[in-house]
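S.K.: Just to be clear, the model below is a prediction. Sequence and coordinates:
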Amino acid sequence: LDLKFQRMYWIIQELYRQQDHMYKQKTHQIDHRIVSISQPHVRPIVRGKAGKEVEFGIKFSLGLTEEGMSYLDHSSWDAFNEGTFLKNQVEFYRKRCGHYPARVSGDKIFGNRENRQYMNSLNIEFTGPALGRPRKLTDEQRKKIRERKKLSRQRSRVEGKFGEGKRRYDLGCIKAKQPDTSESWLAATIFVMNIALYLRVIFLTHINYVK
């Protein structure tokens, strides 16, 4: 067989082994499950969204600076817990900007006890919800919670970046087939988004200067 068909034959053998194992063990889960013969590196990622419980493709963590510049901090074809990479993302921020961020905005998954202790040790404010059951609050505590909620809305800027990438730069439709070319496509898309932001800032600055 040609190398192309040899590779396909090996993939089909592994696919059969996985399906046979799940059938005999009466389970629907197995590590590194193959769902595509042409793209065996693609994994099903359970998201739990209405109408789209499972998604397929590369999963990545995106860091966003105050200026709106996006950075690809971590990516993987396998599902991963984003909260375990918060420390790495904070350290990446320090290397890029020369200092730690004043605050971190993120989903509940980032606000575990270990991450909170880490951020407290660096005097970094976490704007996510507090741990534990709701308790009776004083007026001063309610005021602080309202302020924290306002800051936590900065998380929507990150979601907006994902939407911008999918809507304007085809981030949700990567047409590359190989894992390395797909990762390059992802990185190039984020790079172009940053260039576009940079040009918009220069253009607006120039307009204001002319005025």
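M.R.: Done, it's in.
S.K.: Give the buried residues for stretch 45-58.
M.R.: Under the neighbour-count criterion of 16 or more other C-beta atoms under 10 Å, stretch 45-58 has Ile45, Gly57, Ile58 buried. Heads up, the C-betas are built off the backbone N, CA and C, glycines and all.
S.K.: does Glu183 really touch Lys59, like I thought?
M.R.: No. With contact defined as C-beta atoms under 8 Å, Glu183 does not count as touching Lys59 (11.6 Å).
S.K.: List phi and psi for Thr65.
M.R.: Per-residue torsions, Thr65: phi -90, psi 170 (degrees, to the nearest 10).
S.K.: Strands of this protein, start to end?
M.R.: Using DSSP state E, the strands found in the chain span residues 44-49, 52-56, 59-64, 70-76, 103-104, 125-126.
S.K.: any chance of these in CSV, with distance to Leu199 and mean pLDDT too?
M.R.: Converted to CSV, the strands of the chain look like this (distance: least, C-beta to C-beta, whole Å; pLDDT from 0 to 100):
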stretch, distance to Leu199, mean pLDDT
strand 44-49, 33, 74
strand 52-56, 31, 79
strand 59-64, 18, 84
strand 70-76, 15, 87
strand 103-104, 28, 84
strand 125-126, 32, 84
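S.K.: Now for Phe80, how many residues are close by?
M.R.: Per other C-beta atoms under 10 Å, the neighbour tally for Phe80 reads 15.
S.K.: Over to the one 5 residues further on?
M.R.: Number of residues near Phe85 (other C-beta under 10 Å) recorded here: 17.
S.K.: Apart from its chain neighbours, what residue comes closest to it?
M.R.: His74 (5.1 Å; C-beta to C-beta, 6 or more residues apart in numbering).
S.K.: cool, Ile174 as well?
M.R.: In space, Ile174 is closest to Trp185, 4.9 Å off (C-beta to C-beta, 6+ apart).
S.K.: Who are the contact partners of that neighbour?
M.R.: Neighbouring residues of Trp185 by C-beta atoms under 8 Å, 6 or more residues apart in numbering: Ile174, Lys175, Ala176.
S.K.: Generate a PyMOL selection restricted to the buried subset of the residues you listed.
M.R.: Here is the PyMOL command that selects the buried residues among the contacts of Trp185 (16+ other C-beta under 10 Å):
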select buried, resi 174
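S.K.: So which of the contacts of Trp185 is the closest to Gly106?
M.R.: Gly106 lies nearest to Ile174 out of the contacts of Trp185, by C-beta to C-beta, at 24.7 Å.
S.K.: if we can go back for a sec, any residues in contact with both of Glu183 and Lys59?
M.R.: Shared contacts of Glu183 and Lys59, defined by C-beta under 8 Å, 6+ apart, are found at Ser75.
S.K.: looking at the strands of the chain, which is closest to Gln13?
M.R.: Comparing these under C-beta to C-beta, the one sitting nearest is strand 44-49, at 20.2 Å.
S.K.: where's the residue nearest to Ile174 relative to Gly57, distance?
M.R.: As defined by C-beta to C-beta, to the nearest Å, Trp185 lies at a distance of 11 Å from Gly57.
S.K.: Over to Glu164?
M.R.: 17 Å.
S.K.: cool, Val201 as well?
M.R.: Taking C-beta to C-beta, one finds Val201 at 30 Å from Gly57.
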